[in-house]
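Colleague: The following comprises the amino acid sequence and a computationally predicted model.
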Amino acid sequence: DVVMTQTPPSLSVAIGQSVSISCKSSQSLVYSDGKTYLHWLLQSPGRSPKRLIYQVSNLGSGVPDRFSGTGSQKDFTLKISRVEAEDLGVYYCAQTTHFPLTFGSGTKLEIK
Amino acid sequence: VQLVESGGGLVQPGKSLKLSCSASGFTFSSYGMHWIRQAPGKGLDWVAYISSSSGTVYADAVKGRFTISRDNAKNTLYLQLNSLKSEDTAIYYCAKGGSWGQGVMVTVSS
């Protein structure tokens, strides 16, 4: 199984600051079609997960451009510029390149 | 896209339960679908996948006990849970691409 190592486990940031979350996979996430199926999700308190970014760097529908994703192969980063109060929750990276699908352990973002 | 799960509840160990996920807003028959679960206070755990042609893949933890299926005429995804264990206690979500349902709680306890 592909192990997704996500860091840090938690972050406490002030409104307007920028933060980055790292996700490293134990195997390359490049699929045979050449695409990389690494995604970022946000689970706001009491809600189901919402996809923020798909295939490394593509913004999901309605997601503000304060969110950005970068990376390749086995090393990926989610950056949130100018954090807002609504950004609090748990962020997960997820890979859908290989079965079984696997997720990072989550990064809990708190607002100072 | 809208996904609405139902069928959860409290069930004794060893018993069975069937979850449903009603889909709308897209051509259901054209897409593969997933079940993903989340134990209380824990992270996300993929359970099963069914392709548009009804090919299936399961997590090792549920293989032989859970069955994913679909009824394209009813735009509905199912998950049959048999031989339930306490460790199956979780919120179960159906998901398609970037869309997730609201989840349904399954509690396995005597």
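Modeller: Nice, I can see it.
Colleague: Could you check what's spatially nearest to the residue of chain B found nearest chain A, not counting adjacent residues?
Modeller: Here chain B gets closest to chain A at one residue, B:Gly98, 3.3 Å apart by C-beta to the nearest C-beta. All C-beta atoms are positioned from the backbone trio N, CA, C, and that covers glycine. Distances taken as C-beta to C-beta, 6 or more residues apart in numbering or on different chains place A:Arg51 nearest to B:Gly98, at 3.3 Å, with adjacent residues excluded.
Colleague: Quick check: pLDDT value at that neighbour.
Modeller: Looking at A:Arg51, its pLDDT is 97.
Colleague: Need phi/psi at it.
Modeller: Main-chain torsions, A:Arg51, degrees, to the nearest 10: phi -80, psi 130.
Colleague: if we look at the sheet, which residues does it bridge to?
Modeller: A:Arg51 forms beta bridges with A:Leu41, as assigned by DSSP bridges.
Colleague: my guess is it contacts A:Leu41, does it?
Modeller: Yes: contact status for A:Arg51 versus A:Leu41: in contact at 5.6 Å, counting by C-beta atoms under 8 Å.
Colleague: between these two, who's got more neighbours?
Modeller: A:Leu41 (26 against 21; other C-beta atoms under 10 Å in any protein chain shown).
Colleague: ok, that one - contacts?
Modeller: A:Pro49, A:Lys50, A:Arg51, A:Leu52, A:Tyr91, A:Tyr92, A:Cys93, A:Ala94, A:Phe103, B:Leu44 (C-beta atoms under 8 Å, 6 or more residues apart in numbering or on different chains).
Colleague: likewise B:Tyr78?
Modeller: Per C-beta under 8 Å, 6+ apart, neighbours of B:Tyr78: B:Lys18, B:Leu19, B:Ser20, B:Cys21, B:Thr67, B:Ile68, B:Ser69, B:Arg70, B:Asp71.
Colleague: Can you tell me how far the residue most central in space within chain A is from chain B?
Modeller: When C-alpha atoms, centre = their mean is applied to chain A, the residue found nearest the centroid is A:Trp40 (3.0 Å). With distances taken as C-beta to the nearest C-beta, to the nearest Å, A:Trp40 is found 10 Å from chain B.
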